[in-house]
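K.L.:
next one to model:
(chains A and B)
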Protein chains: 2
Amino acid sequence: MSHQSTQQQRIEALRDLLGAANVLIDQQSLTHFGTDWTRYYTPAPLAIVFPTCIADVQALVIYAAEHSLALVPSGGRTGLSAGAVATDGELVVCLDKLNTIDAFNPVDGTLRCGAGVTTGEIQSFAEREGLYYPVDFASSGSSQIGGNVATNAGGIKVVRYGMTREWIAGLKVVTGTGELLDLNRGLVKNNAGYDLRHLVIGSEGTLGIVVEVTVRLVNPPAPHSVMLMACPSMPAIIEVLKAARSTLTLNAFEFFSDKALDKVCEATGWQRPVQVESPFYALLEFEQSDADAAQNLYAAVASQHWASDAVMSQSIGQAQQLWAFRERISEIISHWVPYKSDISSVISKLPDMLAAIDEIVGRAYPEFEIVWFGHIGDGNVHLNVLKPEALDIQTFSERCGEVNTWVSEVVREYGGSVSAEHGIGLLKKSVLPYSVSPAELAIMRGIKASFDPHGIMNPGKIFD
Amino acid sequence: MSHQSTQQQRIEALRDLLGAANVLIDQQSLTHFGTDWTRYYTPAPLAIVFPTCIADVQALVIYAAEHSLALVPSGGRTGLSAGAVATDGELVVCLDKLNTIDAFNPVDGTLRCGAGVTTGEIQSFAEREGLYYPVDFASSGSSQIGGNVATNAGGIKVVRYGMTREWIAGLKVVTGTGELLDLNRGLVKNNAGYDLRHLVIGSEGTLGIVVEVTVRLVNPPAPHSVMLMACPSMPAIIEVLKAARSTLTLNAFEFFSDKALDKVCEATGWQRPVQVESPFYALLEFEQSDADAAQNLYAAVASQHWASDAVMSQSIGQAQQLWAFRERISEIISHWVPYKSDISSVISKLPDMLAAIDEIVGRAYPEFEIVWFGHIGDGNVHLNVLKPEALDIQTFSERCGEVNTWVSEVVREYGGSVSAEHGIGLLKKSVLPYSVSPAELAIMRGIKASFDPHGIMNPGKIFD
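P.N.:
Model prediction:
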């Protein structure tokens, strides 16, 4: 039987299973649904399928197990590590049609919904009920809750609210044998055996397909203010963070380098937000009732020379404008096709780790501009090395391969993580060993075999 | 080679490994270190060993793997499900000597310490630094942090602060092959592969021996007040909880039945705290600054007939006295050798679940007194069936076996957990299938095999 006819038979079988309208094989769909925001890979899936209920997903997995067909679960495809990319004839299982909000329970403060509901829809639903879903990031309009769970999505409020992991009260997951696991069922306290829920969170579809999620909602935070502060050094920023944590209710504590601010002001024509030029800037979001405390904080850190200037928002509009200096960086520097990394360490080691990376990259490639920004309050920074205009992309890419290795070595030396929030996917498989020991990797493979004995669940992601 | 001489050789080998002073085989030690607070099992370990460093633990595990010697990790032995009991010639690995506080980092807000440091020592250390470790329970003076992690200990502040799981920033664990895993290393953000840290938390020593723990500390809570409220029914208590959650900063929300209060007043001679007799009482601990809001809360719930009387503490002493009505229950009812269960459901289903259990037990055994109390704010209740004075313990015990099955069936029907906070150990293995599906259990066995291929890590606990 030829490859071609096998493929055709499989597509017919999938149409029988799900209905012809739920199986797409046109080139545009294969390209659109076969990749995520990573863009470095060429999508080449067999087909795209749209299960319309949990039983559909189970039937699909059982079919896939019988026919050794690899499955790639697909949510909003806003990932940055190619966790949802299908490059090799896989079947993309698109969760878009599991998109109902099934149950809101005001007593338990929980919301149960299909994996295909977007993060933004959950945020809006919570708001209508006078509550709040606190995981938030740039892509929340299109990212789906199933994908948030699979990648343990972080974002801009982690300092106060933690990662997606903290908000998941229950999960339904279809394993690689087609079994449906109903994990934790919304309970607050449940010490009955190993917590498989936490194992599935962040497993990037390699253990099973998340089909239903129960999230916790909370009372909304009080109105906030934003302060932007000019700081002379990374150690100074850490001192500001330390002082701020003990006096303010912080929602966010971000930072960016002067180079990042330069690029934003240049591209937008905006005035610099503070008079003094400084190597680094800290952006603090805190409850409005802490405004006086924030003034005092600035006076205290300024007297220690940990900050040399500051501006505080006096309105929602001003708060948004100050945030814009931080939020626009990524898009604006994309012009220089930057080499990006998403690394973390414990906060106390960040200044030394960043200095070590600066030094190594600066010594080897003095012509490269380095732009730093990120979520310093939770130890997560984004390194961006910009391509000099004159350098061809091929050479730049090769040199960045070296940079990648050096950065990973420094991160290991400081006990950090090579993936703070973006996950591993395909993109970071080669650097995973810098943050995970051979013994841990062996255990992870064993765990995968327990959930997915046929090796059909997003194979090749995280590890081979 | 006889069994006797094998045993002797093993003890000699252990003395060579650890030094003779760190190997105990006298009967008193075997009995003392071979059991926990469960008391239903007869301890019969081979020996008790006291590793003095992590390398000792690794050497022990490698020796045990070579000689198929089962290991039982042992912390403060305050567990209530026989997770730390050695009944069958196991080697008890006592972590008492891994008791150093290694590193406090004020920037990261973390404390790294040996597994044998007690929960109370961590609380005291935090207090001296102006900080707070929020996991607290009756046994915190003797329970050890390694055991807290192994059992994901809960306690009385879960409503506000969650379980032990929420406070673990890093873990060092020796697996069943003697490998040392250094998990999460204190990081806030780390999406590099599966989160093995969360898998080890709550695994009751079956995946490895926890040897070092890094906990997070927080700013201390504001001073608190306590209110005790008489409520006519469980649904009324849930309404009070709902109202309290949206208006007060709750540290704790406990409840107990009138029967429980009766027993406490009878045993202590204390006056009832409120005038009105009522089927149930709610105990609320909240920040003192919420005292006016608490008064308003009472007025609002009383007008709805969800509460008929209340008293609020006006001093620390009064707050303690109100807590004492709740805290003394367990010890006082122990006179009636109660059948105990530690169950949970989502909060919205608790009233129906409790009523169903009351009804089944009451119908079958109308002569049994039932005492309810627990942490209702997090869905965790403790059922206590008292032995009638006239009934012999053997017959009572047999009937409680039936009760156990009925309770587990009701818990399953309501999607609850047969072990909210005490874990499974030996004691609850038979009821685990009421909260965990066969597919989940098969995956758990696979996970155990990945960590512990020789089956030497606390075998027979959680599942066979």
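
K.L.:
strands along the stretch 201-350 of chain A, start to end?
P.N.:
All strands of the stretch 201-350 of chain A, identified by DSSP state E, counting those that start in this stretch, fall at A:208-216, A:224-231, A:250-257, A:280-287, A:309-312, A:339-344.

K.L.:
turn those strands into a markdown table, including distance to A:Asn148 and mean pLDDT.
P.N.:
All C-beta atoms are positioned from the backbone trio N, CA, C, and that covers glycine. A markdown table is the format used below for those (distance: least, Cβ to Cβ, whole Å; pLDDT from 0 to 100):
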| stretch | distance to A:Asn148 | mean pLDDT |
| --- | --- | --- |
| strand A:208-216 | 8 | 98 |
| strand A:224-231 | 23 | 98 |
| strand A:250-257 | 18 | 96 |
| strand A:280-287 | 21 | 97 |
| strand A:309-312 | 32 | 97 |
| strand A:339-344 | 16 | 93 |
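
K.L.:
of these, which is nearest chain B?
P.N.:
strand A:339-344 (4.8 Å; Cβ to the nearest Cβ).

K.L.:
please state the offset of the following helix or strand past the closest one from the chain centre?
P.N.:
Counting by DSSP states H and E, the next helix or strand C-terminal to strand A:339-344 is helix A:350-364. In terms of Cα atoms, centre = their mean, to the nearest Å, the centre of helix A:350-364 is set 24 Å apart from its chain centre.

K.L.:
on contacts alone, who are the packing partners of the helix or strand that helix A:350-364 is followed by?
P.N.:
Remark: after helix A:350-364, the chain's next helix or strand is strand A:369-375, criterion DSSP H and E. Secondary-structure packing of strand A:369-375 (3 or more Cβ pairs under 8 Å, 6 or more residues apart in numbering or on different chains; DSSP states H and E): strand A:250-257, helix A:258-268, helix A:329-333, helix A:350-364, strand A:380-386.

K.L.:
A:Ala449 contacts B:Ile447, doesn't it?
P.N.:
No - A:Ala449 lies out of contact with B:Ile447 (Cβ atoms under 8 Å); the separation is 10.0 Å.

K.L.:
between the two, which has more neighbouring residues?
P.N.:
More neighbours surround B:Ile447 than the other of A:Ala449 and B:Ile447, with 25 against 16 (other Cβ atoms under 10 Å in any protein chain shown).

K.L.:
and the more buried one, helix, strand or coil?
P.N.:
When classified by DSSP: H, G, I helix; E, B strand; the rest coil, B:Ile447 comes out as helix.

K.L.:
remind me which residues of chain A are low pLDDT?
P.N.:
Applying pLDDT under 70 to chain A picks out residues A:1-2.

K.L.:
domains in it, as residue ranges please.
P.N.:
Domain ranges of chain A: A:3-97, A:101-216, A:224-331, A:337-431, per automatic domain parsing.

K.L.:
looking at the ones you listed, which is buried most?
P.N.:
When you average the neighbours per residue for each of the domains of chain A (mean count of other Cβ atoms under 10 Å in any protein chain shown), domain A:101-216 leads with a mean of 23.

K.L.:
how close does A:Val159 sit to B:Asn251?
P.N.:
Applying Cβ to Cβ, to the nearest Å, the value for A:Val159 to B:Asn251 is 22 Å.

K.L.:
next one: whatever helix or strand A:Asp56 lives in, is it in contact with chain B?
P.N.:
Secondary structure from DSSP H and E places A:Asp56 in helix A:54-66. No - judged by Cβ under 8 Å from any Cβ of the partner chain, helix A:54-66 stays clear of chain B, getting no closer than 11.6 Å.

K.L.:
now swap in stretch A:386-404 and tell me
P.N.:
No - judged by Cβ under 8 Å from any Cβ, stretch A:386-404 and chain B are separated, with a smallest distance of 14.7 Å.

K.L.:
which residues touch that stretch?
P.N.:
With Cβ atoms under 8 Å, 6 or more residues apart in numbering or on different chains as the test, stretch A:386-404 has contacts from A:333, A:336-339, A:341, A:361, A:364-365, A:367-371, A:385, A:431.

K.L.:
which one of those residues sits closest to chain B?
P.N.:
Nearest to chain B among the contacts of stretch A:386-404: A:Val431, at 8.7 Å, using Cβ to the nearest Cβ.

K.L.:
next one: phi and psi at the closest one?
P.N.:
Recorded main-chain torsions at A:Val431 are phi -100, psi -10, according to degrees, to the nearest 10.

K.L.:
so it makes contact with A:Gly416?
P.N.:
No - using Cβ under 8 Å, A:Val431 makes no contact with A:Gly416, being 11.5 Å away.

K.L.:
once you drop chain neighbours, what's closest to A:Leu181?
P.N.:
Nearest residue to A:Leu181, sequence neighbours excluded (Cβ to Cβ, 6 or more residues apart in numbering or on different chains): A:Val173, at 4.7 Å.

K.L.:
tell me if I am right that the one you found is in a strand.
P.N.:
Yes - applying three-state DSSP, one finds A:Val173 inside a strand.

K.L.:
how near is it to A:Val188?
P.N.:
Using Cβ to Cβ, A:Val173 is found at 20 Å from A:Val188.

K.L.:
kindly report the same for A:Ser5.
P.N.:
Note on A:Ser5: its distance to A:Val188, by Cβ to Cβ, is 54 Å.

K.L.:
and for A:Ala103?
P.N.:
17 Å.

K.L.:
return the residues of the stretch 51-200 of chain A in contact with chain B.
P.N.:
The stretch 51-200 of chain A has residues A:105-110, A:151-152, A:154, A:158, A:163, A:165-166, A:175, A:177, A:179-183, A:185-196, A:198-199 near chain B, with proximity defined as Cβ under 8 Å from any Cβ.

K.L.:
all set, thanks.
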